[in-house]
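1. Any chance you could fold what I've pasted below:
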Amino acid sequence: MKKTFMVPLLLLFLLGYSEAPKEVSVEKVRYSSYKTYTRVVVDLDGPVEFTSNQLSNPDRLYFNLNNCILSEKIPSILINDRVLKSVRVAQFDKKTVRVVLDLKAFGRFYAFTLKSPNRLVIDVYIKKSTAAKKQDEMTRHGFDEIKRIVIDPGHGGEDPGAIGPTGLSEKNVVLDVAKKLGKILKRKYDVEVFYTRTKDVFIPLNERTDFANSKNADLFVSIHANASRKRHTKGIETYVLNWTNNKEAMRVAARENAISLKKMQKVQDELQIILLDLARNNKRDESIRLAHNVQNSLVDVLKSDYYGVEDLGVKQALFYVLIGAEMPSVLVEISFISNPVEERRLARNGYRYRIAEAIAKGIGAYIKQSTLIVKNISDSI
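-> All right, here's what the predicted structure looks like:
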């Protein structure tokens, strides 16, 4: 039986071009194995469009990369983890490279492309039993188990993020807040903290969740500063990964994903079914609970010290930086750097420290709730 999945171009980081694109070369193929899925990354020297198919007898997925060539032969990669047996790459025809994933225990997959550097990311998930999922939730959310937190300061290096009216850079603000947050979490909650970056360097979006997974983190918190063309727009909001029809949420996700709103809408519509399934299986309920704790704490703490703080609530959108996280994960927009008042606040050490304290307080509340939830589950068994 043959199932066909047409997966159009998800990310094409070009402002538009009229000339025929040159052939893209496959540079290398690599993989990472995690508890619930295996990620295969195909490194490219340019953007590609691709299609994918699933075949049986033997079970395999293959991806055709259009207008693409192999600059040199890439040997087969033997994986033999819980999900994949191997990955094979070959020149299918003069303008198509085929990437074949030999399956071992296949549940579902999704694929997307990214820029800087250009690459195709393929995540293949194993199907877990309901009993295993319940046990996993119990073991991962006891107080003693929430001991590792990865903090992700958005942007960095060549990617400055949003720039405020007087030139304040998002990448610098969120790095400072992240470091402050990490110190508070270590001191108050005795947790181990890791950072996706500790200096002004660029980290590709998919590598940030890869890092969190590799550290077996219990929580993933990505910190950003918001921006809008309307200078009066202000407030705080916290996001979880999911499909949305809210245009403002899509606009925020498009900016953080470095694509246009039009492309964001197209990508989300094409991935709606996959994205909804991903959200259900990606600790969505825990992520929502974490998001509400962080959002409520931020609003309460900042309102007590600052005038005009607006609560924009907990929202959902397709943020590439949250895709693939094996732990509860949220993205926090701490203030609007495009708003003159909030930019002035973000430039001050005191305001950044209060933001860090508030996020830490929200995480602490989440940990305490988790202790009670696991205790109640245990008592009912």
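
2. for this protein, what are the low-confidence residue spans?
-> For the chain, applying pLDDT under 70 flags the ranges 1-21, 128-144, 270-282, 371-381.

3. Pop the domain breakdown of it in here.
-> Using automatic domain parsing, the domain parsing of the chain gives 3-127, 131-380.

4. Please report the distance of V48 from D159.
-> 21 Å (CB to CB, to the nearest Å). Heads up, the C-betas are built off the backbone N, CA and C, glycines and all.

5. which residue ranges form the helices in this protein?
-> Here the chain has its helices, by DSSP state H, at 130-140, 170-189, 205-214, 247-257, 261-270, 272-280, 284-305, 340-346, 349-380.

6. Can you tell me which of those is nearest to S329?
-> helix 284-305 (5.7 Å; CB to CB).

7. buried stuff in that closest one?
-> 284, 286-299, 301-302 (16 or more other CB atoms under 10 Å).

8. do stretch 338-345 as well
-> Neighbour-count burial for stretch 338-345 flags S338, N339, E342, E343, R345 (criterion: 16+ other CB under 10 Å).

9. Same list (these) but as JSON lines, adding distance to K22.
-> Listed next are these as JSON lines, based on distance: CB to CB, whole Å:
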{"residue": "S338", "distance to K22": "37"}
{"residue": "N339", "distance to K22": "42"}
{"residue": "E342", "distance to K22": "43"}
{"residue": "E343", "distance to K22": "41"}
{"residue": "R345", "distance to K22": "47"}
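
10. Closest to N242 out of the residues you listed?
-> Distance to N242 across these (CB to CB) is lowest for S338, with 25.1 Å.

11. Just give the nearest non-adjacent residue to that closest one, would you?
-> Closest residue to S338 apart from its sequence neighbours, by CB to CB, 6 or more residues apart in numbering: A227 at 4.1 Å.

12. Give me the distance between that neighbour and T198.
-> 24 Å.

13. now swap in D152 and tell me
-> For D152, the distance to T198 - CB to CB - is 11 Å.

14. Compare these two (neighbour count), which wins?
-> For D152 versus T198, the count of surrounding residues by other CB atoms under 10 Å is larger for D152: 28 against 14.

15. which residues does the more buried one contact?
-> Residues near D152 by CB atoms under 8 Å, 6 or more residues apart in numbering: A178, Y195, T196, R197, R208, A212, F220, V221, S222, I223, V321.

16. got it, and D159?
-> So D159 contacts S116, K171, F202, A258 (CB under 8 Å, 6+ apart).

17. And the buried ones among those, selectable in PyMOL?
-> Filtering the contacts of D159 down to the buried ones (16+ other CB under 10 Å) takes a single PyMOL command:
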select buried, resi 171+258
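
18. Which residue is the nearest non-sequential neighbour of S33?
-> D81 (4.2 Å).

19. again but with L175, I slipped
-> That would be P153: by CB to CB, 6+ apart, it lies 4.3 Å from L175.

20. Could you do V99 as well?
-> F63 (4.5 Å).

21. what's the distance between that neighbour and P160?
-> 33 Å.

22. Just to check, K186 is in contact with K180?
-> No. K186 lies out of contact with K180 (CB atoms under 8 Å); the separation is 11.2 Å.

23. the more surrounded of those two?
-> K180 (20 against 14).

24. wait, the more buried one sits on A358?
-> No. Counting by CB under 8 Å, K180 sits too far from A358 to count as a contact (10.9 Å).

25. For burial, what's the neighbour tally of K188?
-> 13.

26. That should have said K247, apologies.
-> Neighbours around K247, by other CB under 10 Å: 12.

27. which residue sits closest to it, ignoring its sequence neighbours?
-> L261 (7.7 Å).

28. For A254, see how far away the one you found is.
-> Going from L261 to A254 by CB to CB gives 5 Å.

29. what do you get for Q54?
-> 30 Å.

30. Now for the closest residue to Q268 other than its chain neighbours: which residues touch it?
-> Spatial nearest neighbour of Q268, excluding adjacent residues (CB to CB, 6+ apart): L318 at 5.2 Å. Neighbour list for L318: L241, N242, W243, T244, M250, A253, N257, M264, V267, Q268, L271, L275 [criterion: CB under 8 Å, 6+ apart].
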